[in-house]
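**Student:** Sequence first, then the predicted structure:
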Amino acid sequence: MSSSPQPQAPSPGIVFDTLQAYQRSVALKAGIDLDLFTVIAEGNHALSAIAAHIKASEKGTRILCDFLTIIGFLAKEGGGYRLTPDSAAFLDRRSPAYLGSMAGFLVNPQTVAMLEDIAGAVRRGGGAPENAAAFEPDHPMWVEFARSMASLMHMPAQLLAQQFAGSNSIRVLDISAGHGMFGLAFAQSNPNAKITGLDWANVLEVAKENAQKAGVADRYSTIPGSAFDVDLGSGYDFILIPNFLHHFDAATNEKLLRKVHAALAPGGLVLAPDFIPNEDRVSPARDAMFSMQMLGTPGGDAYTFAELDKMFRSAGFSRSELRELSPFPQRLVVAHK
C-alpha cells in the first residue's frame, strides 16, 4: 500500500528570493547598458575578452555574467559564456527582434518611483497623488515610453494588421498612438489605409519619425492633445486603443468610449489590445500581475473581459469579443458599433 505524499515543509526561500527580486531587474539593465549580450554574440566568450570589450573589471564582469547565468540569460561552459536562445533573439542589439530598449522605460526611475509606496497605494486603492503628474500634457515620460517600447509592440501590431487591415480604402484612428506602431502596421499592410495618430504633441514627434521610416508619412496625420478633450473626427472604420484603458477607472473609460463610438463609421470596430486577466484575476500570470503595475496610477487596473465588455456596452457598442494574440502575451478586445 503506497503512502500518500508528505506535505512540503515551509521554506523561507520564497520570502528571501522575492525581497531580492529587484536584483534581477538591475542586473539585466546593467547587461543591456554595457552591451554585454551583443559583445558575447560577436564571439567574445572568455571572461577576459568580454571584460575588455565592455570596458569593465574582470571581477565585476564575472559576477554579472554568473548572475545572468543563474537567472537564465546566459549559459556558462568551461569558464566561458554564451547567449541563450532568448537572449540571442531579444538582447543582441543586432537582432531584428531586439527588446533591450524597453529598459529605458520599464526600469526608468520615474516608472519605478510610481511603485515605491505600494502599501500606501493599497490603502488608497491607487497611486500617490503626485503620480497623477505623469498624466499631465506633454510629460516627457511618455516620449521615453514611445522610444523604448516600440520594439515590443511591433509583433502585436503586425498581428492586428494581418487580421483586420484588408485592402479596401479605410480610415484608422490610433488613440494614444505613442510610437505609432499599431497604426503604422495598418498603413504598411494596406496601401489604401489612411491613419490618424492621436497623442500629446511631443509624443507624436516619435510617431511621425516612425511613419517616415516606414515610408507611409504621406498617409499619416496627427491630432495633438488628450483623447478626452480633443475632437476625434468621424467616419473611422477602425479605432485602435492599445494599452490605454488600463490607466483609468471604469467611469473615465466609458466617457472616452462614448466619444469613440460617435467617431466610428456604421459597422466600425474598436481594437483594444491589453493585459486582460481571467475572471479569477490570477491567470494568465503576466496579464494578472499587471494590476500591480497599475496600482501605482491614480485609478488604473488590469480589467477582465467582463469588465471591459460592460464599459463598451455602456458606451453604446452592440457587442464585444475577446481574442488571443498568440504568441504575444496580450489579449484583444474587438468591439462592434
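**Tutor:** Sure, I can see it. Nothing here was measured: the structure is a model prediction, and the numbers come from that model.

**Student:** Looking at this structure, which strand is longest?
**Tutor:** In the chain, assigned by DSSP state E, the strand with the most residues is strand 264-274.

**Student:** Point out the other helices and strands that that strand packs with.
**Tutor:** In terms of contacts (3 or more CB pairs under 8 Å, 6 or more residues apart in numbering; DSSP states H and E), strand 264-274 is packed against helix 141-164, strand 236-240, helix 305-314, strand 331-336. To be clear about C-beta, it is placed using only N, CA and C from the backbone, and glycine gets the same treatment.

**Student:** Switch those over to JSON lines; also include distance to residue 217.
**Tutor:** Converted to JSON lines, the helices and strands packed on strand 264-274 look like this (distance: least, CB to CB, whole Å):
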{"stretch": "helix 141-164", "distance to residue 217": "16"}
{"stretch": "strand 236-240", "distance to residue 217": "18"}
{"stretch": "helix 305-314", "distance to residue 217": "32"}
{"stretch": "strand 331-336", "distance to residue 217": "27"}
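
**Student:** Pick out the shakiest of the ones you listed, pLDDT-wise.
**Tutor:** Averaging pLDDT over each of the helices and strands packed on strand 264-274 singles out helix 141-164 as the lowest, with a mean of 92.

**Student:** and the next element down the chain from the lowest-mean-pLDDT helix or strand in the chain?
**Tutor:** Least confident helix or strand, the chain: helix 109-113 with a mean of 87, by mean pLDDT, DSSP states H and E. Reading on from helix 109-113 to the C-terminus, the next helix or strand found by DSSP states H and E is helix 118-124.

**Student:** so who does the residue lying closest to residue 142 once chain neighbours are set aside touch?
**Tutor:** Nearest residue to residue 142 in three dimensions, chain neighbours excluded: residue 203, at 5.0 Å (CB to CB, 6 or more residues apart in numbering). The contact partners of residue 203, taken as CB atoms under 8 Å, 6 or more residues apart in numbering, are 138, 142-143, 145-146, 177-178.

**Student:** Would you agree residue 203 falls within a strand?
**Tutor:** No. With the criterion set as DSSP: H, G, I helix; E, B strand; the rest coil, the secondary structure at residue 203 is helix rather than a strand.

**Student:** which stretches of the chain have low pLDDT?
**Tutor:** Within the chain, the stretches falling below the threshold (pLDDT under 70) are 1-5.

**Student:** What ranges does it have for its strands?
**Tutor:** Along the chain, the stretches classed as strands by DSSP E are 74-77, 80-83, 170-175, 193-199, 220-224, 236-240, 264-274, 319-324, 331-336.
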